[in-house]
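>>> Based on what follows, work out the 3D shape:
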Amino acid sequence: MSRDLEHLLNATAAAPSRPLDPAEITRLARKRRRRRHVATAIGGVAATAGLATAVAVPLSSGSDGDAPPPAAEPDSAGVPPRTSDRPTPEPYAPGFDCPVTQPPTPGFQPPDGYPPEPNLDDAVWFGTEALWTVLPVDGYYGQRKSVWWSTSFPGGPQEPQPDIDVTWERLDLRDSSKQSFTTNAGRGTNAHTPEDGWFMIAGTDPADPGCWQVTAKYKGAELSYVYEIPSQANEGEPKAESGPDPAPTPGTGDVEQSDLAIADAFVSFATEPSPETAASLPFADRVELGLGPDLLVERTAEELSSPDAWLIDEDVFRAYTGPFSVLERIRRHVAGDMPEGLQVRSETKVVIGDYPYCAGSAAPPPPDGVKDLRRVSIQPADGSVTSWLGMFYVDLYVDEDRLIRAVTLDLCEP
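Residues are numbered from 1 along each chain as shown. As a prediction, this is how the structure comes out:
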């Protein structure tokens with residue numbers, strides 16, 4: 001499987017919707033809890049569709065990489081619901097024999113135009129042309145995002161929010177309604193890699209112990225598989241949280257008055273960009289702009305007075321499509337213009353140094369070349385957003401003369 005798809009699948013191993021770099025993927029693969037699974041396919045009629053050449057279409061349109069209309073309800077596009085929205089976890093039924101088996105060998109063979117096998121060691125395709133997914137050969141299954149392929153899925157440009165419905169149900173409970181839910185409300189996101197083609201993302205597996213049946217439905221096709229989380233799986237480990245209700249994020253440094261002044265001036269500039277509001281900011285002669293841990297473009301202080309200079313023309317970042325703009329992301333948050341249900345207030349806060357990121361993991365390291373500078377991060381205020389999809393991290397890198405030498409934007413992956 002391609003590194004991009006492995007990234008999407010395994011980002012939930014430590015915390016759902018958390019972006020991972022390749023080194024983290026390797027580390028998490030060694031730590032990941034292992035779960036047995038069985039899969040059963042229910043066929044459907046498939047239509048033929050060619051592969052498009054564009055890459056991942058996001059949750060909403062806009063230059064800041066948000067999601068295309070119609071705006072999704074909270075957690076309806078590939079992000080788990082709030083933990084409080086899921087049923088209260090029930091204990092694993094004692095003595096229950098979860099019907100787990102090894103996946104089929106050989107695996108499903110997709111039609112021409114799709115990879116004949118997953119680009120991942122020890123994994124097989126499972127399902128039918130109408131709907132298929134990827135399963136590990138060894139029969140052990142780690143918590144991941146729910147990914148699906150179908151020849152009926154034309155790709156992101158034609159279907160940015162595919163109408164795929166994925167339900168998780170506890171088979172070990174007599175009253176399965178106590179532990180049955182759908183994370184994506186019948187709408188998913190889409191993604192694309194050159195190796196894996198177009199596919200759909202529809203929520204994230206639960207982390208509670210039990211015998212779980214996953215059932216996906218898409219355009220008349222249905223596919224199910226079952227995996228097990230033994231009761232002891234979570235002992236001694238913190239349970240993975242699910243995206244929404246970001247916790248307070250104190251940084252590693254003390255916020256000084258000068259930090260607040262720079263951040264306030266930057267938010268004012270982002271809200272109403274002009275030469276006048278730009279003049280209040282202490283830009284260095286040349287400022288680098290970037291996404292996450294990468295610095296990508298350089299602008300002069302004079303150029304930065306124009307909103308167009310803040311556009312970063314990258315095709316894809318954290319599974320969103322570009323171009324991306326630091327200013328637009330802040331502006332939309334302050335204006336309360338985020339997709340419906342993603343925010344309840346418009347305040348921002350300032351965090352200094354390293355900070356917890358997305359689902360509570362450590363933020364990516366600063367880009368090379370600015371690691372020794374002061375990191376002044378502008379983020380949504382605690383409790384102002386309802387989902388990790390609403391989070392953003394605008395980091396200003398300030399030198400000892402209090403000049404801004406770099407600005408980066410980071411997002412939480414859907």
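
>>> By average pLDDT, which secondary structure element in the protein comes out worst?
helix 22-31 (a mean of 38; mean pLDDT, DSSP states H and E).

>>> can you give me the end-to-end distance of stretch 356-370?
End-to-end distance of stretch 356-370 (C-alpha to C-alpha, to the nearest Å): 19 Å.

>>> Report the buried residues of it.
Along stretch 356-370, these residues count as buried under the neighbour rule (16 or more other C-beta atoms under 10 Å): P356, Y357, C358, A359, A363, P364, P366, P367, V370. Bear in mind the C-beta positions are built from the backbone N, C-alpha and C, glycine included.

>>> Could I get those in a markdown table, plus columns for pLDDT, secondary structure and distance to T167?
Listed next are the buried residues of stretch 356-370 as a markdown table, based on pLDDT from 0 to 100; DSSP: H, G, I helix; E, B strand; the rest coil; distance: C-beta to C-beta, whole Å:
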| residue | pLDDT | secondary structure | distance to T167 |
| --- | --- | --- | --- |
| P356 | 83 | strand | 31 |
| Y357 | 83 | strand | 30 |
| C358 | 81 | coil | 25 |
| A359 | 66 | coil | 23 |
| A363 | 74 | coil | 34 |
| P364 | 81 | coil | 33 |
| P366 | 90 | coil | 41 |
| P367 | 91 | coil | 41 |
| V370 | 94 | coil | 45 |
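
>>> Closest one of these to D122?
The closest of the buried residues of stretch 356-370 to D122 turns out to be A359 (C-beta to C-beta; 26.9 Å).

>>> Of the buried residues of stretch 356-370, which is the nearest to R318?
C358 (9.6 Å).

>>> Which residue is the nearest non-sequential neighbour of that closest one?
Spatial nearest neighbour of C358, excluding adjacent residues (C-beta to C-beta, 6 or more residues apart in numbering): C412 at 4.1 Å.

>>> how about A309, phi and psi?
Taking degrees, to the nearest 10, you get phi -70, psi -20 for the backbone angles of A309.

>>> What is the burial count for it?
18 (other C-beta atoms under 10 Å).

>>> got it, and D315?
10.

>>> Compute the distance between it and T128, please.
Separation of D315 from T128 (C-beta to C-beta, to the nearest Å) stands at 31 Å.

>>> ok, now D121?
From D121 to T128 the distance is 24 Å (C-beta to C-beta).

>>> Compare these two (neighbour count), which wins?
T128 (19 against 8).

>>> For the more buried one, list each beta-bridge partner.
L131 (DSSP bridges).

>>> from what I can see it touches F108, true?
Yes - counting by C-beta atoms under 8 Å, F108 is a contact partner of T128 at 6.9 Å.

>>> For the stretch 301-414 of the chain, which segments are assigned as helices?
Along the stretch 301-414 of the chain, the stretches classed as helices by DSSP state H, counting those that start in this stretch are 326-334.

>>> Check which element follows the longest helix anywhere in the chain along the chain.
Ranked by residue count, the top helix of the chain under DSSP state H comes out as helix 257-271. As assigned by DSSP states H and E, the chain's next helix or strand after helix 257-271 is helix 275-278.

>>> pLDDT weak spots in the stretch 151-300 of the chain?
The model of the stretch 151-300 of the chain has pLDDT under 70 over residues 174-186, 207, 231-253.

>>> May I have the secondary structure class of the nearest residue to A265 once chain neighbours are set aside?
Leaving aside its chain neighbours, A265 sits nearest to S280 (4.6 Å; criterion: C-beta to C-beta, 6+ apart). Under DSSP: H, G, I helix; E, B strand; the rest coil, S280 falls in the coil class.

>>> neighbours of S280, just the number please.
Neighbours of S280 using other C-beta under 10 Å come to 13.

>>> Pretty sure L373 sits against P366.
Yes - applying C-beta under 8 Å, one finds L373 in contact with P366, separated by 7.5 Å.

>>> Of the buried residues of stretch 356-370, which pair is most distant in space?
The farthest-apart pair in the buried residues of stretch 356-370, when distances are taken by C-beta to C-beta, is A359 and V370, at 25.1 Å.

>>> For the stretch 301-414 of the chain, which segments count as strands?
In the stretch 301-414 of the chain, the strands defined using DSSP state E, counting those that start in this stretch lie at 311-312, 316-317, 320-321, 324-325, 348-352, 356-357, 361-362, 374-380, 392-398, 404-411.

>>> What helices and strands are in contact with the last one?
Helices and strands touching strand 404-411, as assessed by 3 or more C-beta pairs under 8 Å, 6 or more residues apart in numbering; DSSP states H and E, comprise strand 283-291, helix 326-334, strand 392-398.
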